[in-house]
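Participant: Turn this into a model:
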Amino acid sequence: MSVKTSNYNISTKDELIPDGIRRLFPALHQKINGKPLIYFDNAATTQKPIQVIDAIEQYYKNYNANIHRGVHTLADKATDSFEQTRSNIRSFINASSDEEIILTYGTTDSINLVSQSFGKKFIKEGDDIIISAMEHHSNIVPWQMVCEERGANLRIIPITDNGELIFEEFENLLSHKTKLVSVVHVSNSLGTINPIDQIIKKAHLVGAKVMIDGAQAAAHLPIDVQELDCDFYAFSSHKMFGPTGVGVLFGKKEILNEMPPYRGGGEMISQVTFEKTLYNNLPFKFEAGTPNIADVIGLKFATDFICELTKKRILNHEKFLLAYAQKMLGEIEGLRIIGNAQKKLGVVSFIIEDIHSFDIGVMLDAGGIAIRTGHHCTQPLMNRFGIEGTARASFSVYNTYQEIDTLVESLKKIVKIKRK
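Facilitator: Numbering: from 1, shown residues only. Purely as a prediction, here's the structure:
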């Protein structure tokens with residue numbers, strides 16, 4: 001069969017054919033230290049298909065203009081293209097209205113928006129905010145700041161040795177004092193897929209609102225915010241084949257209307273006098289200043305790419321890669337995988353006895369293999385497992401079994417060299 005991604009066609013069989021997909025990603029066709037690039041750092045950021053790159057170039061070449069406030073042709077075209085991305089995102093996550101889609105600068109910015117705006121309005125002294133032990137720093141630090149400022153308490157859901165939430169402990173933390181639960185959909189360090197549907201239902205029973213960090217989920221898992229009934233959902237463009245510096249915050253309209261603006265400036269106002277300012281309607285109330293226009297436009301083409309391939313195909317391919325990688329890595333002496341949840345995405349974090357993760361990363365890079373090393377912005381999680389950090393290989397639709405074979409053979413050589 002044939003899959004059309006905008007004006008770019010690839011051939012597929014029953015499953016995705018990575019060679020066909022790879023043609024759309026210019027960055028993959030290069031050598032690093034004289035070796036063909038093998039890119040296994042997709043949890044940090046994905047590579048970009050040519051249609052996303054072309055869209056950004058076309059904006060700057062043909063209709064570069066500021067949006068919403070101009071009446072000339074270029075401004076109209078830029079505004080229409082910008083707002084088309086918002087509509088695409090609404091459909092992508094099945095929100096009920098474009099007004100519920102706030103365009104931000106990334107997941108971190110989205111979480112900070114909620115922490116500062118919702119926190120300022122609704123979090124009081126003695127209230128509880130619940131997060132989990134596997135959160136990224138961007139879903140820890142903003143809530144610590146709110147708790148310190150408001151006199152609230154930060155409660156932590158513990159995890160098992162396999163890297164799964166202990167759901168009973170979560171239920172025990174819930175009370176009438178719980179005002180917000182903020183948890184990651186998929187762990188960037190472990191790949192664990194959390195039962196967010198159950199978390200949302202339980203939190204709502206005590207009247208708490210729920211924020212979901214979907215940074216690692218948006219490119220892989222189906223997301224229906226109406227079915228989930230989450231109050232907030234955040235994700236980043238650059239982890240789903242789109243440009244950096246762009247993010248999305250979904251929020252239920254009735255809650256967003258009650259929240260005060262996060263930043264002041266142009267666009268987020270309807271009228272300004274020195275005596276009083278009236279704020280704009282949703283979603284513009286939370287979008288102060290000139291946005292990252294070109295990259296927001298690029299995000300539309302990234303969502304088109306995902307939708308035309310379908311998440312089902314992407315997820316199936318990555319599941320096969322994950323299973324194969326875990327099997328092959330298990331053959332390496334002294335290697336231990338950190339995070340063995342029953343439900344997980346294509347992330348393998350591992351340590352090798354007596355070899356520092358930094359050394360693993362540097363030696364793999366010498367062979368053209370890009371992985372991530374360190375604590376992955378999850379230091380409390382690393383402390384939970386009693387380690388400094390891990391080496392992490394994370395997979396995407398353009399990765400292959402052959403690349404995993406090369407990774408495994410390279411790791412075996414590293415072990416042999418380091419233990420001589």
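Participant: switch to C-alpha atoms for all contacts and neighbour counts from now on
Facilitator: OK.
Participant: For residue 70, which non-adjacent residue is closest in space?
Facilitator: The shortest distance from residue 70 to any non-neighbouring residue, by CA to CA, 6 or more residues apart in numbering, is to residue 76 (7.0 Å).
Participant: same check, this time on residue 190
Facilitator: Counting by CA to CA, 6+ apart, residue 190 lies nearest to residue 339, which is 4.9 Å off, once chain neighbours are set aside.
Participant: Count the residues that sit near residue 366.
Facilitator: 13 (other CA atoms under 10 Å).
Participant: helices and strands of this structure: which one bottoms out on pLDDT?
Facilitator: Of all helical and strand segments in the chain, the minimum by mean pLDDT, DSSP states H and E falls on strand 8-11, at a mean of 42.
Participant: what's the following helix or strand after that one?
Facilitator: Next along the chain after strand 8-11, taking DSSP states H and E as the criterion, comes helix 18-22.
Participant: circling back to that earlier point, make sure I have this right: the residue nearest to residue 70 is in a helix.
Facilitator: Yes - counting by DSSP: H, G, I helix; E, B strand; the rest coil, residue 76 is part of a helix.
Participant: Could you tell me how many residues sit around the closest residue to residue 44 other than its chain neighbours?
Facilitator: By the measure of CA to CA, 6+ apart, the closest residue to residue 44 outside its immediate chain neighbours is residue 239, 6.8 Å from it. Summarising burial for residue 239: neighbours were counted as other CA under 10 Å, giving 23.
Participant: Same question for the one 4 residues further on.
Facilitator: When neighbours are counted by other CA under 10 Å, residue 243 registers 26.
Participant: now it, what's its secondary structure?
Facilitator: coil.
Participant: how much space between it and residue 52?
Facilitator: The gap separating residue 243 from residue 52 is 8 Å, by CA to CA, to the nearest Å.
Participant: what do you get for residue 334?
Facilitator: 41 Å.
Participant: the helices in the stretch 251-400 of the chain, which residues?
Facilitator: Along the stretch 251-400 of the chain, counting by DSSP state H, counting those that start in this stretch, helices occupy 253-258, 293-309, 311-329, 357-366, 379-385.
Participant: Next: the stretch 51-200 of the chain.
Facilitator: Using DSSP H, counting those that start in this stretch, helices in the stretch 51-200 of the chain cover 73-93, 107-122, 141-150, 167-173, 196-205.
Participant: Identify the residues contacting the longest one?
Facilitator: With contacts defined as CA atoms under 8 Å, 6 or more residues apart in numbering, helix 73-93 is touched by 59, 63-70, 96-98, 100-101, 103, 222-225, 293, 296-297, 299-300, 303.
Participant: just the buried members of those?
Facilitator: Buried subset of the contacts of helix 73-93 (neighbour count, 16 or more other CA atoms under 10 Å): 59, 63-67, 98, 100-101, 103, 223, 225, 293, 296-297, 299-300, 303.
Participant: Which positions within stretch 37-56 qualify as buried?
Facilitator: If you call a residue buried by 16+ other CA under 10 Å, then stretch 37-56 has these buried ones: 37-53, 55-56.
Participant: from those residues, which ones fall inside strands?
Facilitator: If you go by DSSP state E, the buried residues of stretch 37-56 have 38-39 in strands.
Participant: give me every residue that touches the residue positioned nearest the centre of the chain.
Facilitator: The residue lying closest to the centre of the chain (CA atoms, centre = their mean) is residue 215, at 1.4 Å. Counting by CA under 8 Å, 6+ apart, residue 215 touches 107, 185-186, 234-236, 239.
Participant: Any idea what the nearest residue to residue 335 once chain neighbours are set aside is bridged to?
Facilitator: Nearest residue to residue 335, sequence neighbours excluded (CA to CA, 6+ apart): residue 352, at 4.3 Å. The residues listed as beta-bridge partners of residue 352 by DSSP bridges are residue 335, residue 355.
Participant: and residue 352, what does it touch?
Facilitator: Shown in contact with residue 352 (CA under 8 Å, 6+ apart): 333-336.
Participant: before we move on, back to that, let me know the distance separating the residue nearest to residue 190 from residue 383.
Facilitator: Residue 339 sits 14 Å away from residue 383, going by CA to CA.
Participant: And the two? Which one has more around it.
Facilitator: Between residue 339 and residue 383, residue 339 has the larger neighbour count (other CA under 10 Å), namely 22 against 13.
Participant: Distance check, that one against residue 368.
Facilitator: 26 Å.
Participant: And the pLDDT for the residue located most distally from the centre of the chain?
Facilitator: Here the centre of the chain is the reference, and by CA atoms, centre = their mean the most remote residue is residue 275, at 40.8 Å. Looking at residue 275, its pLDDT stands at 73.
Participant: now swap in residue 15 and tell me
Facilitator: Per-residue confidence at residue 15 stands at 50 (pLDDT).
Participant: can you check the one 3 residues further on too?
Facilitator: Note on residue 18: pLDDT of 70.
Participant: correct me, but it touches residue 396?
Facilitator: No - if you go by CA atoms under 8 Å, residue 18 and residue 396 don't touch, sitting 9.5 Å apart.
Participant: who has more neighbours, those two?
Facilitator: residue 396 (26 against 17).
Participant: From what I see, that one and residue 318 are in contact.
Facilitator: Yes - the pair residue 396 / residue 318 is scored as a contact, 6.2 Å apart, by CA under 8 Å.
Participant: Show me whatever sits in contact with both of the two.
Facilitator: Contact criterion CA under 8 Å, 6+ apart; residues shared by residue 396 and residue 318: residue 346.
Participant: For residue 343, which residues are in contact?
Facilitator: For residue 343, counting by CA under 8 Å, 6+ apart, the contacting residues are 192-194.
Participant: most surrounded residue in these?
Facilitator: residue 192 (25 neighbours).
Participant: so what's the residue lying closest to that residue once chain neighbours are set aside up against?
Facilitator: Spatial nearest neighbour of residue 192, chain neighbours left out: residue 344 (4.3 Å); criterion: CA to CA, 6+ apart. By CA under 8 Å, 6+ apart, the residues touching residue 344 are 186, 190-193.
Participant: Going by distance to residue 414, which of the residues you listed wins?
Facilitator: Nearest to residue 414, judged by CA to CA, of the contacts of residue 344 is residue 190 at 23.1 Å.
Participant: Pull up the gap between the closest one and residue 337, please.
Facilitator: Relative to residue 337, residue 190 is positioned 9 Å away (CA to CA).
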